[in-house]
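[1] Provided below are the primary sequence and the corresponding predicted coordinates.
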Amino acid sequence: MHGTIESAAKLDALRERASSLPLEQYDPGDPELFRTDTFWPYFDRLRREDPVHYTKDSMFGPYWSVTRYNDIMEIETNHAVFSSASALGGITIRDIDPDLRRESFISMDPPRHAAQRKTVAPMFTPTHLDNLALNIRKRSAECLDNLPRGEVFDWVDQVSIELTTQMLAVLFDFPWDDRRKLTRWSDVATTIPGPDGLVATEDERQAELTECAGYFARLWKERIEQPPKSDLLSMMAHGAATRDMDARNFLGNLILLIVGGNDTTRNTMSGSLLALSQHPDQYRKLRENAALLDSFVPEVIRWQTPLAHMRRTALADFEFRGKQIKKGDKVVMWYVSGNRDEEAIEKPYDFIIDRARPRTHLSFGFGIHRCVGLRLAELQLKIIWEEILKRFDHIDVVGEPKRVYSSFVKGLETLPVKITA
């Protein structure tokens with residue numbers, strides 16, 4: 001039920017609040033709704049009653065919410081009107097000080113976007129993925145074999161973070177003993193500073209990102225002086241469209257690749273176990289037939305939706321679905337809502353691992369900005385579950401997950417689990 005282990009009474013109360021609050025007071029981007037996993041009824045109502053909705057006032061300023069599957073695809077493919085450019089605000093609901101904005105190929109419009117994206121695309125060709133698969137399987141097996149039995153541990157830290165960080169270190173050919181720095185930088189890049197947050201202030205956040213840039217600059221210098229290799233850093237150091245990037249574009253692309261390779265896969269890896277624990281019939285089905293992994297993987301990615309939204313900025317006044325969007329307006333495409341749209345997906349609130357069309361989802365985006373590493377993400381998830389099914393009859397979730405305070409990254413900070421000895 002709406003992906004939570006909440007009581008029916010609490011869910012009813014949440015729905016009541018969402019249905020009684022005047023639409024003009026709706027702020028679906030409030031991170032607290034995501035931390036408490038209580039945003040679902042708000043998006044349900046918006047899809048029904050106001051699918052292109054304007055929020056006048058929020059911690060992120062005014063913004064439009066686009067909540068239906070087909071409308072999101074329309075905005076996403078209209079580059080003439082809706083821009084990803086970092087100079088206009090980039091791809092997240094939260095605006096960054098103009099002096100601190102950093103370009104990456106996901107926050108560029110055509111035609112520049114394609115040239116930088118093509119530089120790293122060879123990492124994700126079928127041949128390269130076949131080679132990576134051997135590495136992923138070996139590391140997955142080692143990780144799972146070292147998990148404690150008969151005691152509670154945090155699945156996010158010991159499995160999801162560890163495996164995705166190892167993979168990132170391989171992709172960048174990053175110093176192995178320092179690999180957890182990649183996790184830290186990814187988390188800092190997307191966090192909202194605050195007294196209880198990962199960092200207290202924006203200055204602290206920028207200081208850590210500057211440390212990230214300095215570390216990678218040293219590695220970059222090494223790559224330039226070496227013959228081209230098959231890691232992401234070397235590809236960019238020797239690529240015609242990327243070798244002369246300025247410092248901001250360099251850090252922007254690094255953060256994009258780190259967050260893209262870390263947050264999305266990590267949160268889906270955690271979300272997959274939570275989803276199965278909430279749907280024991282589907283867990284049983286998977287244990288009885290491992291061939292269902294091919295449809296289970298995209299269904300989990302839809303179900304979790306590891307990035308809740310992408311944002312665009314209007315380049316001109318534009319009428320959309322009867323609403324007047326003005327030049328400069330912030331337009332947020334809520335993937336998390338599109339992935340529960342009854343008009344596009346049959347029984348979207350049901351977790352069905354043998355769904356007929358499991359790839360009908362928006363979790364990887366759509367069009368030219370569709371996630372460049374999506375096949376790798378699917379591969380990692382498939383392999384870890386192949387290895388889990390070989391080893392364990394059941395992994396029990398033994399407590400509530402702690403969710404990330406963010407309306408961009410939709411993830412789990414902790415997930416207490418136990419493997420029966």
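    That came through fine. Numbers count the residues shown, from 1 in each chain.
[2] so residue 179 touches residue 163, yeah?
    No: under the criterion of Cβ atoms under 8 Å, residue 179 lies out of contact with residue 163, with a separation of 11.0 Å. Using the backbone N, CA and C atoms, a C-beta is placed for each residue, glycine as well.
[3] between the two, who's got more neighbours?
    Summary of the neighbour comparison: residue 179 and residue 163, criterion other Cβ atoms under 10 Å, with residue 163 having more neighbours (22 against 17).
[4] Next, the contact list for residue 385, please.
    Applying Cβ atoms under 8 Å, 6 or more residues apart in numbering, we find residue 385 in contact with 272, 286, 293, 296, 297.
[5] Please determine how far it is located from residue 14.
    Taking Cβ to Cβ, to the nearest Å as the measure, residue 385 falls 31 Å from residue 14.
[6] Then residue 334?
    Applying Cβ to Cβ to residue 334 and residue 14 gives a distance of 18 Å.
[7] of these two, who's got more company?
    Here residue 334 and residue 14 are compared on neighbour count by other Cβ under 10 Å; more neighbours surround residue 334, at 30 against 21.
[8] end to end, how far does stretch 388-408 reach?
    Start to finish, the residues bounding stretch 388-408 are 29 Å apart (Cα to Cα, to the nearest Å).
[9] What are the buried residues along it?
    Applying a neighbour-count criterion of 16 or more other Cβ atoms under 10 Å, the buried positions in stretch 388-408 are 388, 395, 397, 401, 403, 404, 405, 406, 407, 408.
[10] now the strands for this protein?
    Here the chain has its strands, by DSSP state E, at 52-55, 63-66, 82-83, 152-154, 309-314, 318-320, 323-325, 330-334, 395-397, 402-403, 412-414, 416-419.
[11] Burial-wise, tell me which of those strands comes out on top.
    Per residue and on average, the most neighbours among the strands of the chain fall to strand 330-334, with a mean of 26 (mean count of other Cβ atoms under 10 Å).
[12] Name the strands paired with that strand and say parallel or antiparallel.
    strand 63-66 (parallel), strand 309-314 (antiparallel) (DSSP bridges).
[13] Pull the contacting residues for residue 262.
    The contact partners of residue 262, taken as Cβ under 8 Å, 6+ apart, are 164, 165, 168, 182, 183, 186.
[14] Distance of the residue nearest to residue 324 when sequence neighbours are not counted relative to residue 81?
    In space, and not counting its chain neighbours, residue 324 is closest to residue 317: 7.0 Å by Cβ to Cβ, 6 or more residues apart in numbering. Note on residue 317: its distance to residue 81, by Cβ to Cβ, is 9 Å.
[15] Same drill for these two, tell me which one is more crowded.
    Between residue 317 and residue 81, residue 81 has the larger neighbour count (other Cβ under 10 Å), namely 17 against 12.
[16] quick one: average pLDDT of stretch 256-274?
    Model confidence over stretch 256-274, given as mean pLDDT, is 86.
[17] Could you list the buried residues of stretch 278-290?
    For stretch 278-290, a neighbour-count test (16+ other Cβ under 10 Å) marks 278, 279, 282, 283, 285, 286 as buried.
[18] Of all the strands of the chain, which one comes closest to residue 129?
    Put simply, out of those the one that sits nearest residue 129 is strand 309-314, at 24.6 Å, with distance taken as Cβ to Cβ.
[19] quick one on the thing from earlier: and the contacts of residue 262, which of them are buried?
    Applying 16+ other Cβ under 10 Å to these, the neighbour count classes 164, 165, 168, 182, 183, 186 as buried.
[20] Can you tell me which of the residues you listed is nearest residue 27?
    Of all these, residue 27 sits closest to residue 186, with 26.3 Å by Cβ to Cβ.
[21] Low-confidence regions, the stretch 51-200 of the chain specifically.
    For the stretch 51-200 of the chain, applying pLDDT under 70 flags the ranges 97-120, 123.
[22] residue contacts, the residue lying closest to residue 220 once chain neighbours are set aside?
    By the measure of Cβ to Cβ, 6+ apart, the closest residue to residue 220 outside its immediate chain neighbours is residue 237, 5.6 Å from it. With contact set as Cβ under 8 Å, 6+ apart, residue 237 has these partners: 220, 223, 224, 243.
[23] Dump the buried ones among the contacts of residue 262 to CSV, plus distance to residue 69.
    Formatted as CSV, the buried ones among the contacts of residue 262 follow (distance: Cβ to Cβ, whole Å):
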residue, distance to residue 69
164, 28
165, 33
168, 31
182, 33
183, 32
186, 28
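[24] Mind checking which of these are in helices?
    Per DSSP state H, helices hold the following members of those: 164, 165, 168, 182, 183, 186.
[25] tell me which residues in stretch 199-210 are buried?
    For stretch 199-210, burial by neighbour count (16+ other Cβ under 10 Å) applies to 199, 205, 206, 208, 209.
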